[in-house]
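> Just a sequence and a predicted model for now, questions to come.
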Amino acid sequence: MAGTAHPARSDWTPPAGRFLLAVGIWLAWLAWIRPLTLPDEGRYAGVAWDMLRSGSHAVPLLDGMPYFHKPPLYYWLAELSFSVFGVHPWAARVPSWLAAWGAAAALYVFVRRHRDAAAASLAVLILTTMPFFYGGAQFANLDMLVAGLITLCVLAATETALRAANGQAWRWMSVAAAALAALAVLAKGLIGLVLPGAILLAWLAWERRWRGLAALVWPPALMVFLAVAAPWFVLMQLRFPGFYDYFFVYQHFQRFAAGGFNNAEPFWFYLPVLAGLSLPWSLWSGGILRRAFWAEGPARALRRLAAVWFVVVVAFFSLPHSKLIGYVLPALAPLAFLLAEVILAAWRAGTDSATPRLVRISAAVAASVCVIAVGVAATHARGSAAPLAKVVREQARPEDTFVSLHAYPFDLALYARALRPSWVVDDWLNPEVPVRDNWRKELYDAAKFDPATGQQVLVSAEQFNARLCAAPEGARFWVWGNHADGTVYASLQGLAPAVAGARHAMWRVDVDAALRQRVCAGTPTAG
């Protein structure tokens, strides 16, 4: 397992500290130039804002209601980021950036320890200039967080096994691996344990490293795992009976096995995704298929680990019908390691003098693609509530009520700094609402855990009119909707939008005599 003692002079081996600092700056660069992307970034950042403004730090909230699609780790980190840096889109991306940077640093340390500095530098260079990885590091959702923690967990667990096999101290590393697995569970559920467990079990069996397996299931490490992972789940079940059934049975097993959800894709979907979103580095992947690459040598065990890691992740997420691109982010670290091994093998063999130049070209092209992709995303943001909400934020009062018509703009409350849940006006008695996999079902499911808040925020058009009529004189409502809603809803007829965009508008509805005449037939129903 010992690495090459004296790398070739042509190998690029920058100082570790400065290199990793540059990696962190690179991954954070440009994270501030675009608004939140809908629905994912708006949803997850919006939940964190809802928790922060309401003081509900244990229970994730979607429009003021318990939201149990995912565990809380991202929301906790985003809350902390908002508290430290302010409520900005880039602050919502800090958890993803930290996870990506941590994974890259851990890969560097691990590869440098078991291979050499050149291999470590190249593996991290490849990983962090992959457009897929770079984009994930600047995207405010759970995918990079769980991918980073799975990467950290697998590397810590592998280090544990290798130390146990070599008779070195391994107990603290075993505890670290257990804690990282627990954090991965808090990031996205059972896959935080299932994926690292499957990867390590398959690799240890292939390598016949049974002593390493025993080190990983060391009882104190298992106790640390339970101490970190279990309390939040137990607390949620105690506070919300039915949580276990919804979170584990429905969100994990039924959604994994069932069809009919959004984003149905064929089994082979992730292979072209990984190849395309890892260009131009993926063009080097042909060397992985050569028999000589897997021959006996100091790197074979680590190459086997990377191969198992990659295959397990891709195969696992290829099984369900529903597939989202970000799911396979945990496969990028082993792919980067394998590509670095291919390139260094050719570089050090000296059979192709063009290799150093091709590596530099690949790095430049990859970095350029990353920058261009972020720029395109920043200039083609569609559906964001930011432009309208920022105008309204300057005019809204703390006691004003926000209302959205037949839609739920996930980022509206965050950009408007709304201090209370919004009313969402729609046909909530429609039998399609509980079965169709969309934003309505998310709100509908959340309301089942808090029916009182659900009745307050999920309202019909008739209830909306009745509440306007019952509101005290001078009350104000900010109503989000499409331009056509101005002629459909009685409360908006005759009103010019307070602010308007290409597709959406926001109206300010003041409760006064004119409104009562329009909506309440002139009857003063307010107390």
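Okay, I see it.
> who does the helix or strand where residue 358 lies touch, helix- and strand-wise?
Element membership of residue 358, judged by DSSP states H and E, is helix 355-379. Packing partners of helix 355-379 (3 or more Cβ pairs under 8 Å, 6 or more residues apart in numbering; DSSP states H and E): helix 117-129, helix 131-137, helix 332-349. The way it works is simple: take the backbone N, C-alpha and C, and place the C-beta from them, glycine included.
> and whichever helix or strand comes after it, C-alpha only, in CSV?
Under the assignment DSSP H and E, the closest C-terminal helix or strand after helix 355-379 is helix 386-393. Only the C-alpha atoms of helix 386-393 are listed here, as CSV (Å, rounded to 0.1, in the frame of the first residue of the first chain):
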residue,chain,number,x,y,z
ALA,A,386,-36.5,37.7,-6.0
PRO,A,387,-37.2,40.7,-8.3
LEU,A,388,-40.7,41.1,-7.0
ALA,A,389,-40.1,40.2,-3.4
LYS,A,390,-37.3,42.6,-3.0
VAL,A,391,-39.5,45.5,-4.0
VAL,A,392,-42.3,44.4,-1.7
ARG,A,393,-39.9,43.9,1.2
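> residues making contact with the helix or strand following helix 386-393?
Next along the chain after helix 386-393, taking DSSP H and E as the criterion, comes strand 401-405. Residues from elsewhere that reach strand 401-405 (Cβ atoms under 8 Å, 6 or more residues apart in numbering): 412-413, 416, 418, 420, 422-426, 464, 475-482, 485, 489.
> again, 7 Å this time
412-413, 416, 418, 420, 422-425, 464, 477-481, 485, 489 (Cβ atoms under 7 Å, 6 or more residues apart in numbering).
> out of those residues, which are inside helices?
412, 413, 416, 464, 485 (DSSP state H).
> Export these as CSV, with columns for distance to residue 115 and neighbour count.
Output for the ones in helices among the contacts of strand 401-405, formatted as CSV (distance: Cβ to Cβ, whole Å; neighbours: other Cβ atoms under 10 Å):
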residue, distance to residue 115, neighbour count
412, 49, 25
413, 48, 25
416, 51, 25
464, 64, 22
485, 61, 21
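> Please identify which of those is nearest to residue 44.
Distance ranking of the ones in helices among the contacts of strand 401-405 against residue 44, using Cβ to Cβ, places residue 413 first at 13.0 Å.
> show me where the protein has strands.
Assigned strands in the chain, in chain order: 61-62, 65-66, 401-405, 423-425, 458-459, 476-482, 499-500, 504-510 (criterion: DSSP state E).
> which one of those lies closest to residue 128?
Comparing those by their distance to residue 128 (Cβ to Cβ), the top pick is strand 61-62, with 32.7 Å.
> And for stretch 373-386, what's in contact with it?
Identification of contacts with stretch 373-386 by Cβ under 7 Å, 6+ apart yields 30, 33-36, 38, 131, 135, 138, 409, 411-412, 415.
> ok, now stretch 474-488?
Counting by Cβ under 7 Å, 6+ apart, 392, 396-397, 400-405, 409, 412, 492-493, 495, 503-511 sit against stretch 474-488.
> Export only the CA atoms of that stretch, formatted as CSV.
Taking Å, rounded to 0.1, in the frame of the first residue of the first chain, the C-alpha atoms of stretch 474-488 are listed here in CSV:
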residue,chain,number,x,y,z
GLY,A,474,-56.5,48.9,7.4
ALA,A,475,-55.2,45.3,7.2
ARG,A,476,-52.9,44.7,4.2
PHE,A,477,-52.4,41.6,2.1
TRP,A,478,-49.6,41.1,-0.5
VAL,A,479,-51.0,38.7,-3.1
TRP,A,480,-48.8,36.7,-5.5
GLY,A,481,-50.2,35.4,-8.7
ASN,A,482,-50.2,35.4,-12.5
HIS,A,483,-51.2,38.5,-14.5
ALA,A,484,-54.5,36.9,-15.4
ASP,A,485,-55.5,36.6,-11.7
GLY,A,486,-56.2,40.3,-11.7
THR,A,487,-59.4,39.7,-13.6
VAL,A,488,-60.4,36.4,-12.0
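> buried stuff in that stretch?
Within stretch 474-488, the residues scored as buried using 16 or more other Cβ atoms under 10 Å are 475, 477, 478, 479, 480, 481, 485, 486.
> again with stretch 69-83
Those would be 69-82, for stretch 69-83 by 16+ other Cβ under 10 Å.
> which residues of the stretch 351-500 of the chain score low on pLDDT?
The stretch 351-500 of the chain contains residues with pLDDT under 70 at 351-352.
> again, only using 50
By pLDDT under 50, the stretch 351-500 of the chain has no low-scoring segment.
> related to what we said a few turns ago, narrow the contacts of stretch 373-386 to those that are buried.
Buried among the contacts of stretch 373-386 by 16+ other Cβ under 10 Å: 30, 34, 35, 36, 38, 131, 135, 138, 409, 411, 412, 415.
> Counting neighbours, what do you get for residue 387?
Applying other Cβ atoms under 10 Å, we find 15 residues neighbouring residue 387.
> close enough to count as contact, it and residue 501?
Yes: shown here, residue 387 and residue 501 form a contact pair, counting by Cβ atoms under 7 Å, at 5.7 Å.
> any idea how far residue 127 is from the closest residue to residue 331 other than its chain neighbours?
Excluding the flanking residues, the one nearest residue 331 by Cβ to Cβ, 6 or more residues apart in numbering is residue 313, at 4.2 Å. As judged by Cβ to Cβ, to the nearest Å, residue 313 and residue 127 stand 14 Å apart.
> Right, I'll leave it there.
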